[in-house]
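> below is the sequence, then the predicted model.
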Amino acid sequence: MTNTEQRPPASGPARPIALITGVGRSIGIGAGIARRLAATGWDVAFTYWTPYDRRMEWGAEPGAAASIEKELAEAGARTAAIEADLTDPDAPTRIFDEAEQRLGGQVTALVLSHAESVDSGLLDTTVEAFDRHFAVNSRASWLLIREYGLRFRGAPGTTKDTTPGTTPSPTPDTTPSPTPGTATGRIVALTSDHTVGNLPYGASKGALDRITLAAAHELAHLGVTANVVNPGPVDTGWMNDELRETLVRGTPLGRLGTPLDTAHLVGFLCSPEGQWVNGQLLKSNGGAAS
């Protein structure tokens, strides 16, 4: 797909705003999506949480947020990097407030690529770990989608204020329905079907799937589509050599996925050409066996 094929929706500001969560490392999937959307005409707000990366085996990447912002700006995007702890139920409202204030408009596309992922199985998962995974992967995703739905006013045929710097109040939508069959708002959530030996992660991602697919129906009157993307195995620094070799053997195309593979699909879903894809769980994994 070319950049021309992935022009962002024409409604709203000259460059619509995408909010992407989980952009804490330059080699991550979230960063790949941010680069793709910036290159195809979007302004980008993104969240990150350094304490999470710091406690993972790969460690925090010093200066990652500033470096990613610089890359996006070089692609022509206005940017807003927002550090946020998604275990805090108040974080989603603050994130939207800051994104809209700093970028001067409403969020048109919400991409959920954040995750809590600490391996543990059925017998050794602690209550604390279980609750933390659901707080970040499920509850925060629901709250972010809810906040988006309360604020979004960009559907065709609706009355909206696009004056830079204005933020619609988070009240239920009372504007007219969009033109039938059209959609300008986008929600895309990244998921996983991994459960064995990674129970709280897989279970909480399963809940995320259902929340997102519900949004495809419950937010349709706003002109919003919602889809789930399973990127399959993408090596962003968490694999050892043995696992990497095993996963490559299980993929018909003979390689692992890359952040750009995921970003291409997300970019399409966020484009005007992607508006008829809705309520789907899509696999972008090269045919990898589950």
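Sure, I can see it.

> can you give me phi and psi for the residue lying closest to residue 234 once chain neighbours are set aside?
Nearest non-adjacent residue to residue 234, counting by C-beta to C-beta, 6 or more residues apart in numbering: residue 257, 4.3 Å away. Glycine gets a C-beta too; all of them are placed from N, C-alpha and C. Dihedral angles of residue 257 (phi, psi; degrees, to the nearest 10) stand at phi -70, psi 160.

> residue 257 and residue 236 touch, don't they?
No: counting by C-beta atoms under 8 Å, residue 236 is not a contact partner of residue 257; they are 9.7 Å apart.

> what's residue 144 in contact with, if anything?
Residues near residue 144 by C-beta atoms under 8 Å, 6 or more residues apart in numbering: 21, 92, 95, 110, 112.

> tell me which stretches of the stretch 51-200 of the chain form strands.
79-83, 107-112, 185-190 (DSSP state E, counting those that start in this stretch).

> helices or strands next to the last one in the packing?
Pointing back at strand 185-190 there. Applying 3 or more C-beta pairs under 8 Å, 6 or more residues apart in numbering; DSSP states H and E, one finds that strand 185-190 contacts strand 107-112, helix 140-151, helix 199-218, strand 224-230, helix 259-270.

> centre of the chain to that strand, how far?
Remark: strand 185-190 is offset 6 Å from the chain centroid, using C-alpha atoms, centre = their mean, to the nearest Å.

> so what touches that strand?
29, 108-113, 115, 141, 145, 148, 152, 154-155, 208-209, 211-212, 215-216, 219, 222-231, 262, 266, 269-270, 274.

> again, only using 7 Å
Residues outside strand 185-190 that contact it (C-beta atoms under 7 Å, 6 or more residues apart in numbering): 29, 108-113, 141, 145, 148, 152, 154-155, 208, 212, 215, 222-229, 231, 266, 269-270.

> hmm, back to that, possible to save the strands of the stretch 51-200 of the chain as TSV with mean pLDDT?
Shown next, in TSV, are those (pLDDT from 0 to 100):
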stretch	mean pLDDT
strand 79-83	98
strand 107-112	98
strand 185-190	98
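
> quick one: closest of the ones you listed to residue 282.
Ranking the strands of the stretch 51-200 of the chain by proximity to residue 282 (C-beta to C-beta) places strand 185-190 first, at 9.3 Å.

> which residue of this structure lies farthest from its centroid?
Residue farthest from the centre of the chain, counting by C-alpha atoms, centre = their mean, is residue 123 at 30.7 Å.

> where in the stretch 101-250 of the chain is pLDDT low?
Counting by pLDDT under 70, the stretch 101-250 of the chain shows low-confidence ranges at 155-182, 237-239.

> now the residue farthest from the centre of the chain: phi and psi?
Backbone torsions of residue 123, given as degrees, to the nearest 10, read phi -90, psi -20.

> the helices in the chain, which residues?
Under the criterion DSSP state H, the chain contains helices at 29-39, 50-55, 64-74, 91-103, 127-133, 140-151, 199-218, 241-249, 259-270.

> most packed of those helices?
Of those, the one with the most neighbours on average (mean count of other C-beta atoms under 10 Å) is helix 29-39, at a mean of 26.

> would CSV of the helices of the chain with distance to residue 188 be doable?
Formatted as CSV, the helices of the chain follow (distance: least, C-beta to C-beta, whole Å):
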stretch, distance to residue 188
helix 29-39, 8
helix 50-55, 21
helix 64-74, 18
helix 91-103, 16
helix 127-133, 20
helix 140-151, 11
helix 199-218, 8
helix 241-249, 23
helix 259-270, 5
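
> gap between residue 49 and residue 185?
Separation of residue 49 from residue 185 (C-beta to C-beta, to the nearest Å): 25 Å.

> neighbour count winner among these two?
Neighbours were counted for residue 49 and for residue 185 using other C-beta atoms under 10 Å; residue 185 has more, 30 against 21.

> which residue, other than its chain neighbours, is closest to that one?
Excluding the flanking residues, the one nearest residue 185 by C-beta to C-beta, 6+ apart is residue 224, at 3.5 Å.

> now swap in residue 260 and tell me
residue 32 (5.3 Å).

> who are the neighbours in contact with that neighbour?
By C-beta under 7 Å, 6+ apart, residue 32 lies in contact with 259, 260, 262, 263.

> thought the last one was touching residue 36?
Yes: Residue 263 is in contact with residue 36 according to C-beta atoms under 7 Å; the separation is 3.7 Å.
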